[in-house]
Every structure is written in C-alpha cells, then in structure tokens.
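Peer 1: how would this look folded up:
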Amino acid sequence: MGFTVSPQNSIVEVHFLQGLQRCSNQAGSSFGVVSCSALKGSTFYLNCTINCSYRNQLYWHGKEFLRSGRTLFSLQCRGVQSVSIDRVDENDQDDWNVGSHVSGSGRDFRVEMTTRNHGSSILFADGPLVENDEETNNEILHNLCKKGSLMEATKLIDIMSRVNQIPNSTCSTNLIRGLVRIGRIERASRVLKTMVMSGLVPDVITYNMMVGGFCKRRQLRSAIDLLEDMSLSGCPPDVITYNTIIRSLFDNGKFDQAVEFWRGQLRRGCLPYLIPYTILIELVWKHCGTVRALEVLEDMAIEGCYPDLVTYNSLVNFASKEGKYEDAALIIYNILSHGMEPNAITYNSLLHSLCSCGLWDEVDEILAIMKKTSHPPTVVTYNILINGLCKCGLVERAINFFVQMVSENCSPDIITYNTLLTALCKEGMVDEALQVFVLLSDSNCSPGLITYNTVIDGLTRRGYMDEALKLYNQMIEKGIAPDGITHRSLVWGFCWIDQVEDAVEILREMGKRDHRINSSAYRLVINGLCRNKRVDIAIQVLEMMISGRYKPDEEIYSTLIKSVADAGMVEEADELHQKLIERKVLRTILDKP
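Peer 2: Numbers count the residues shown, from 1 in each chain. Down below sits the predicted model:
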C-alpha cells in the first residue's frame with residue numbers, strides 16, 4: 001500500500017483502504033490541524049496546515065480509517081514544513097497501528113515513499129536515520145545487534161537499502177543468524193536479500209542456517225529455491241546444504257522428490273558429492289527397502305554419480321544391523337557384479353551382526369571366505385570375534401581365536417587384551433588372566449590403568465591379595481596413578497579375607513589422594529573391625545567418614561554401639577545410644593546384649 005505526500009501546496013495521489021470516513025488531528029499548539037472531506041466515489045481531498053518540527057511528534061488519530069477494499073484519495077497539504085508518510089510493508093503490519101505516532105526519530109513508524117512532485121526532495125519519517133551517512137548507520141546497526149535488538153536492526157537495514165547504503169557484512173550476517181534462531185525466518189530472508197542486492201556475499205554457514213530454518217518449518221520449496229540462489233550470489237552449496245534438504249524431504253515422506261532433487265542437482269552440474277549421495281541411498285534403503293536402494297544406485301550411475309565401496313559398505317552395515325542377511329547378501333552380489341571386491345570393512349560389518357546374533361556357523365563361513373581373498377582377517381576382525389564370543393560366555397573359543405591371530409602374525413592390540421582379560425576375570429579364570437597379562441607386558445602394547453584395574457579386581461574377588469598388591473605396586477612404579485576403582489577393589493579384597501586393618505590403610509591412602517570413598521566401603525570396613533572387636537579403629541574410621549562429609553547411617557551407629565557394649569563398656573554404650581536418640585540419629589531402642 002503506497003502513500004505519497006509532497007510539500008508546499010502540491011497535490012499527490014495516496015492509495016489507502018476504501019471507506020475513509022473522517023480524520024482529524026488533535027495536538028498542541030505546535031501542530032497543525034488535519035481535516036478530511038469525502039468526495040464522489042472513493043476520492044478525498046485533505047486540506048492540512050502543518051506546523052511541526054523534528055523535535056515534536058505528530059499524532060494521527062482516526063480509528064474509523066480501515067474498511068474493506070482498496071481505493072484512491074488525494075491529499076493536498078499546505079504548511080511550513082514538508083511532510084512525508086511512508087507505506088506499511090505487508091510483512092510489518094504489526095508495526096502499523098491507526099492512532100500510532102510518528103516521531104522525529106521515526107523508529108515507531110515505518111515508511112517508504114515515492115514522490116511525484118517534480119523532483120522535490122524527500123524527508124522520511126525515519127528522520128535522522130535517513131539523514132545519517134553510511135558509516136553512522138552501520139555503527140547504530142552494530143550497537144543494535146550487540147544488545148540483541150534484532151527487530152530494530154532489521155528496520156534499520158530496510159532504511160539503509162532505500163537510501164542506497166550498504167549495511168555492514170558482519171552485522172548483517174549475525175543479524176540473519178539471530179533471526180533464524182528465534183524463528184523469524186521471513187525477516188532473516190529479507191536481510192539476506194538486502195545483503196545480496198548490496199553486493200555482499202553471505203557465507204555458507206549463514207545460508208545453511210537459513211536452509212535449515214525453512215526445512216524446520218516445512219517450507220521445502222523455499223529451502224530449495226534458496227539453494228538454487230546460493231551459487232548466483234557467489235556462495236555455492238556444500239554437503240551440509242544438500243544433506244539438510246535431502247533429510248527434510250525424507251522426514252516429510254517425499255521419497256521420490258528427494259531422489260529427483262538429487263538427480264536434478266547432478267544435471268545442473270553439481271559435483272557428485274559422496275556424502276549426500278551415500279546419505280540419500282541410506283535413506284532410500286531405510287524407507288523403501290534394499291531393492292529400491294539398488295535401483296536408485298543404477299539410476300544415479302546413469303547421471304554420472306557412480307557408487308563406490310563406501311556406499312555399498314554402508315548398505316551392508318545397515319542391513320546387517322537389522323538382521324536382514326539376505327539383503328546383505330544381495331548387496332554383496334551387487335558389489336561383485338559391478339567388478340568390485342568386498343573389503344575387510346564389508347566383511348567386518350557382516351561379522352559384527354552375525355556375532356551379535358550368535359550365528360557362529362555363518363561366522364566360520366565368512367572367515368573362510370576372507371582367508372581366500374586379498375582381504376584376510378585383520379586385528380579389527382579378531383576383536384569383533386573375541387568380543388562377541390566373550391559376551392556369550394564362550395571364553396575358551398575366544399582364547400583359541402587369540403592364539404590363532406598370534407600364529408598368523410596378526411598382532412593383538414590393547415583392545416584385544418583388555419577384552420580377553422575382562423572375560424577371564426569375570427569367569428574367575430585368574431590364572432589364565434595372569435598369563436595373558438604377562439604376554440601383554442612382553443608385547444609392544446603397554447598395560448594402562450584400565451588393564452591394571454581389570455586384573456586387580458579379578459584377583460581381589462578370588463582372594464589373591466598378594467598378587468593384587470604386586471600389580472598395585474608395579475603400576476605405581478611405572479608411573480600409573482591408581483584411582484578410586486583400584487583402591488575400592490583392594491578394600492573389598494582385604495575385607496573379604498578378613499584383613500580389615502590393611503583395608504583401613506587403603507582407606508587412608510585414598511583420603512590422601514582425594515579419591516572418592518563411598519559409604520558402602522566405610523560400612524564394610526567398620527563392620528569388619530567391629531566383628532574383630534577393634535572398636536577403637538572402627539571409631540577412627542567413623543571419624544574419617546564424617547570428615548569426608550559422609551553421613552553415617554543408623555546401621556553403622558548400631559553396629560558401633562553393640563561393639564562397645566560387647567567390649568564390656570555397657571554404660572558408655574548406653575550413654576552413646578541415648579545421645580544418638582536425642583540427636584535423632586537413631587530412631588529405635590536397641591536391645592541390650
């Protein structure tokens with residue numbers, strides 16, 4: 001909708017909504033009076049005398065302005081100053097309110113004006129912002145963006161574009177990203193167009209945020225249009241741009257459109273990026289099945305986008321994880337029919353799934369095939385097998401594979417050793433675990449904290465505390481600092497074999513190292529000490545517990561009271577018992593021994 005106002009008794013045309021009944025201006029003495037009178041049809045003449053200055057505000061009242069339809073009326077103004085009224089942008093209707101005011105700063109009333117008054121100069125209602133030079137407005141723009149006034153910054157960029165000023169590229173970029181984050185994608189799109197029309201080139205991150213914003217709102221057509229405009233602006237799309245649109249099309253059930261979109265990009269000269277292509281095939285497989293995915297592979301090959309082993313391997317991996325082994329076999333057959341050979345990754349993906357399902361006969365068949373090809377089993381292959389067997393409790397067979405890989409000059413890595421050691425200790429086979437640990441120490445791999453903790457925990461659970469302490473001292477000598485897990489294993493082991501005083505020493509060592517000691521460890525040690533009638537040390541441990549900001553529970557206090565009474569100090573036990581009840585630490589009366 002356009003408004004046109006010219007100064008000094010000139011008559012101009014103004015388009016406005018039909019049905020303007022009357023308008024009036026009531027202001028102070030420094031303002032003129034505006035009056036309107038109806039003419040034939042939809043034409044009006046407005047005689048106005050306006051005395052105003054930029055320091056004052058012109059208030060325009062008239063709640064009866066708006067009716068349906070569109071018409072034309074003429075405006076004749078006579079006054080000392082030139083006056084301009086802007087048009088309201090359709091996207092900014094919330095900024096236009098009948099009865100709103102136009103201030104000298106012009107920030108509450110947005111307008112765009114064209115003059116037909118024989119080349120007369122224009123004075124915008126935006127006031128000083130229009131009169132500012134480019135550098136000043138960019139400084140204002142920077143400050144608005146800095147304080148998060150995104151809507152005001154957007155309006156300023158609109159003003160700058162009308163007076164042929166170029167907004168700062170960095171501020172404009174940050175403004176677009178901020179608008180996208182708050183969901184004002186239309187505003188962001190306007191700023192982006194202003195940047196491009198000003199000769200600025202937004203970066204690919206900004207474009208990708210815009211594309212993502214459109215896709216999030218399911219405006220897929222707008223996202224695709226923006227992608228097509230990117231190259232024209234000097235910023236070609238990247239793989240993230242394509243991936244975002246492809247995934248969004250699939251998320252909205254537009255499977256065939258997604259395939260056609262990528263085909264269209266290839267025909268327009270887009271480079272056959274591997275990542276979007278692979279993602280497209282994966283999504284087709286997920287939503288449409290293996291047969292359709294292979295059909296799309298053939299179709300894309302015609303467009304010059306040929307599948308490689310990475311694409312096929314991703315399909316084999318997906319099919320294997322879903323347990324669709326017939327589909328996996330079909331994909332491998334397709335690999336062979338195109339003159340390619342499956343590699344270790346192809347076989348490993350299949351083996352991982354077979355091991356998870358416990359299909360060991362099929363595992364043996366795949367291994368036999370691998371040994372006949374140019375891609376024999378690797379350390380990753382054996383790690384998959386050993387891990388799968390250990391999870392199923394088939395430790396003996398896992399050891400056989402371990403021996404087999406060593407005999408084939410396939411050196412185990414730390415993952416192999418840790419996997420096997422964990423399984424052996426879990427099964428209580430600590431002697432075999434120590435043998436494997438010796439092999440590890442003699443190999444190129446060095447045992448780490450996880451390895452030591454695994455073996456020490458296994459030894460303590462079997463009561464082999466001497467061997468556990470040897471490993472504990474060995475790890476300290478090698479510069480590997482024990483952690484809380486190491487010490488908790490030792491505490492549990494000492495309590496298990498009733499060497500509670502040694503467990504107390506471990507607790508003190510943990511306190512020195514600021515290692516976390518849970519309440520169960522304290523309870524275990526205190527119960528053991530009380531059982532051995534070492535009440536004095538038990539009280540010391542209780543003090544350690546309280547100083548460590550742990551709150552002893554009722555069970556610990558009850559155990560201590562009974563131990564004190566059992567030591568012949570019945571009166572002291574009763575006194576302690578009564579005090580704990582008064583402090584509401586204990587809620588029940590204990591039975592006297």
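Peer 1: so where is this protein shaky, pLDDT-wise?
Peer 2: Applying pLDDT under 70 to the chain picks out residues 1-129, 269, 271-275, 582-593.
Peer 1: show me where it has strands.
Peer 2: For the chain, the strands defined by DSSP state E occupy 11-17, 33-38, 44-50, 58-59, 70-79, 101-102.
Peer 1: what's the burial count for the residue nearest to Cys390 when sequence neighbours are not counted?
Peer 2: Nearest residue to Cys390 in three dimensions, chain neighbours excluded: Ala423, at 3.6 Å (C-beta to C-beta, 6 or more residues apart in numbering). C-betas here are computed from N, CA, C, even on glycine. Neighbour count of Ala423, defined by other C-beta atoms under 10 Å: 24.
Peer 1: Ala423: what's it in contact with?
Peer 2: Ala423 makes contacts with Cys390, Val395, Ala398, as judged by C-beta atoms under 8 Å, 6 or more residues apart in numbering.
Peer 1: quick check: it vs Ile414, distance?
Peer 2: 15 Å (C-beta to C-beta, to the nearest Å).
Peer 1: can you check Arg268 too?
Peer 2: 49 Å.
Peer 1: can you tell me how far the nearest residue to Tyr550 once chain neighbours are set aside sits from Met545?
Peer 2: Leaving aside its sequence neighbours, Tyr550 sits nearest to Ser519 (C-beta to C-beta, 6+ apart; 5.5 Å). For Ser519, the distance to Met545 (C-beta to C-beta) stands at 8 Å.
Peer 1: with Leu315 instead?
Peer 2: From Leu315 to Met545 the distance is 58 Å (C-beta to C-beta).
Peer 1: the more surrounded of those two?
Peer 2: Ranked by neighbour count (other C-beta under 10 Å), Leu315 and Met545 place Leu315 first, with 28 against 21.
Peer 1: report the buried residues of stretch 564-579.
Peer 2: Residues of stretch 564-579 classed as buried by neighbour count (16 or more other C-beta atoms under 10 Å): Val564, Ala565, Ala573, Leu576, His577.
Peer 1: redo those residues as JSON lines? Include distance to Asn252.
Peer 2: Shown next, in JSON lines, are the buried residues of stretch 564-579 (distance: C-beta to C-beta, whole Å):
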{"residue": "Val564", "distance to Asn252": "73"}
{"residue": "Ala565", "distance to Asn252": "75"}
{"residue": "Ala573", "distance to Asn252": "74"}
{"residue": "Leu576", "distance to Asn252": "71"}
{"residue": "His577", "distance to Asn252": "71"}
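Peer 1: surely the residue nearest to Tyr550 meets Gly548?
Peer 2: No: using C-beta atoms under 8 Å, Ser519 is not in contact with Gly548, being 9.7 Å away.
Peer 1: distance between stretch 497-516 and the chain's centre?
Peer 2: With C-alpha atoms, centre = their mean, to the nearest Å as the basis, stretch 497-516 stands 42 Å off its chain's centre.
Peer 1: what about stretch 197-206, how long is it end to end?
Peer 2: By C-alpha to C-alpha, to the nearest Å, the extent of stretch 197-206 from end to end equals 16 Å.
Peer 1: what lies in contact with that stretch?
Peer 2: Residues from elsewhere that reach stretch 197-206 (C-beta under 8 Å, 6+ apart): 161, 166-167, 169, 172-173, 176-177, 192, 195-196, 230, 233-238, 240-241.
Peer 1: and if you look at stretch 449-462?
Peer 2: The list of residues contacting stretch 449-462 from outside it, by C-beta under 8 Å, 6+ apart, reads 414, 417-418, 421-422, 424-426, 428, 430, 433-434, 437, 440, 465, 467-468, 471-472, 474-475, 480-483, 485-486, 489-490, 492-493, 496.
Peer 1: and Ile176, how far from Cys145?
Peer 2: 10 Å.
Peer 1: and for Ile331?
Peer 2: Look at Ile331 and Cys145: by C-beta to C-beta, they are 51 Å apart.
Peer 1: repeat for Cys305
Peer 2: Distance, Cys305 to Cys145, by C-beta to C-beta: 42 Å.
Peer 1: ok, Leu576 next?
Peer 2: 68 Å.
Peer 1: is Cys425 in contact with Asp431, as I believe?
Peer 2: No: contact between Cys425 and Asp431 fails when scored by C-beta under 8 Å: they sit 10.9 Å apart.
Peer 1: can you tell me what sits against stretch 231-248?
Peer 2: Stretch 231-248 has contacts (C-beta under 8 Å, 6+ apart) with 196, 201-204, 207-208, 211-212, 215, 218, 220, 223-224, 227, 230, 258, 261-262, 265, 270, 273, 275-276, 279-280, 283.
Peer 1: do me a favour and get the end-to-end distance for it?
Peer 2: End-to-end distance for stretch 231-248, by C-alpha to C-alpha: 21 Å.
Peer 1: quick one: it to chain centroid distance?
Peer 2: 20 Å.
Peer 1: now that stretch: buried residues?
Peer 2: Buried residues in stretch 231-248, counted by 16+ other C-beta under 10 Å: 233, 235, 237-238, 240-248.
Peer 1: helices along the stretch 401-550 of the chain, start to end?
Peer 2: Assigned by DSSP state H, counting those that start in this stretch, the helices in the stretch 401-550 of the chain fall at 414-426, 430-442, 449-461, 465-477, 484-496, 500-512, 519-531, 535-547.
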